[in-house]
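1. Structure for this input, please:
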Amino acid sequence: MQSASSPIGVFDSGVGGLSVLRALLAAMPHERFVYLADSGHAPYGERGDAYVAARTHAITHYLCEQHHIKALVVACNTATAAAIHDVRSSHPELPLVGLEPAVKPALAVTKTGHVGVIGTRGTLTSAKFGKLMASLADQAHFVVQPCDGLAHAIERSVALPPAAPGSPVGATETGGLCERYLQAMGSFGTGPGQMDTLVLGCTHYIFVAHELRALVGPDVQIIETGEPVARQTRRLLETAGLLAVPEPPNPGNQPPPLQSNPSVQLLTTGPVSMLEAAAQRWLDLPPSQCRSVSVP
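-> Predicted coordinates:
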């Protein structure tokens, strides 16, 4: 049975969904979380819908059966596009939050009416995304760019040292891919006909925000989905009466550092070293909170 003390499940094809987990932790620091990176079966963005849907169902079942989650955040645009409706039908009792590229929020901030959207090929060629684009076609000019290989390169980059200060964007694999795909999209800026807003349609991409910012300039709005997803998750839990009761404030009313947070479990179906490196680099969480699991 679900209860307020049960954990929230979060999953992605790899470590990119840690960007969503980071937002969830900030919005609900008193909740328990189980994060599962399906790195052993990644990248989803270059697989077929049937494969991604099968993995999504298997992971949902695993998190429900083994961890008794009270809600599920599908922190993966590709899995959301391929399987969210089926998962919602097969688990009607489970509060469920999926992701889609934040195109609607982009419409609220664009001044030029020209918006760039980057994501995996699986997300951007999905029927779900196509329907979203069709509904907004008369509200802005959209330039949509699949970024083959970028999410996978970001996964590999966690084990590498950061680029030296002052080095060109293209000096790293991730930077080179960002450069290639953004150049293919056209001109970014605030002038007439330029894209003044860039939507990150993959959870991994926030981890190359520095490279993207260097390429699009200081005045372009970069929109990602972590904070809206966290707000929606909190709303669903409140509605269901499943929001955890916060612990009494500690002296000085300071939240505990993430390093001491025992309420976060980090699981992976791939090499645990990758998850350990990503958790330490992006969430400041120790390797002891990571372990490898099998989800057939």
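2. Now do the strands in the stretch 1-150 of the chain.
-> Ranges of strands in the stretch 1-150 of the chain, per DSSP state E, counting those that start in this stretch, are 8-12, 33-37, 71-74, 96-97, 114-119, 141-146.
3. what would the ones you listed look like in CSV with mean neighbour count, distance to Gly186 and mean pLDDT?
-> The way it works is simple: take the backbone N, C-alpha and C, and place the C-beta from them, glycine included. Converted to CSV, these look like this (neighbours: other CB atoms under 10 Å; distance: least, CB to CB, whole Å; pLDDT from 0 to 100):
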stretch, mean neighbour count, distance to Gly186, mean pLDDT
strand 8-12, 28, 29, 97
strand 33-37, 26, 34, 97
strand 71-74, 26, 31, 98
strand 96-97, 22, 33, 96
strand 114-119, 25, 8, 97
strand 141-146, 18, 6, 97
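4. Make a markdown table from the ones you listed and add distance to Glu65 to it.
-> Output for the strands of the stretch 1-150 of the chain, formatted as a markdown table (distance: least, CB to CB, whole Å):
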| stretch | distance to Glu65 |
| --- | --- |
| strand 8-12 | 11 |
| strand 33-37 | 12 |
| strand 71-74 | 13 |
| strand 96-97 | 16 |
| strand 114-119 | 31 |
| strand 141-146 | 35 |
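5. So for Pro271, which of these sits nearest?
-> strand 33-37 (10.1 Å; CB to CB).
6. Between strand 8-12 and the closest one, find me the angle.
-> Going by axes from the mean of the first three to the mean of the last three CA atoms, to 10 degrees, strand 33-37 is angled at 20 degrees with respect to strand 8-12.
7. Please name the residues that touch the residue nearest to the spatial centre of the chain.
-> Among the residues of the chain, the one closest to the centroid is Thr203, at 2.8 Å (CA atoms, centre = their mean). By CB atoms under 8 Å, 6 or more residues apart in numbering, the contact set of Thr203 is 12, 16-20, 75-77, 99, 224-226.
8. Please repeat the previous calculation with a cut-off of 6 Å.
-> Thr203 sits next to 12, 16-17, 19-20, 75 when contact means CB atoms under 6 Å, 6 or more residues apart in numbering.
9. likewise Ser13?
-> Ser13 makes contact with 38, 42, 44, 76 under the criterion CB under 6 Å, 6+ apart.
10. my guess is the third one meets Val52, correct?
-> Yes - taking contacts as CB atoms under 6 Å, Tyr44 lies within contact range of Val52: 5.0 Å.
11. the more surrounded of those two?
-> For Tyr44 versus Val52, neighbours defined as other CB atoms under 10 Å are more numerous around Tyr44 (27 against 24).
12. gap between that one and Thr78?
-> Going from Tyr44 to Thr78 by CB to CB, to the nearest Å gives 4 Å.
13. Common neighbours of these two, please.
-> Common neighbours of Tyr44 and Thr78 are listed as Val52 (criterion: CB under 6 Å, 6+ apart).
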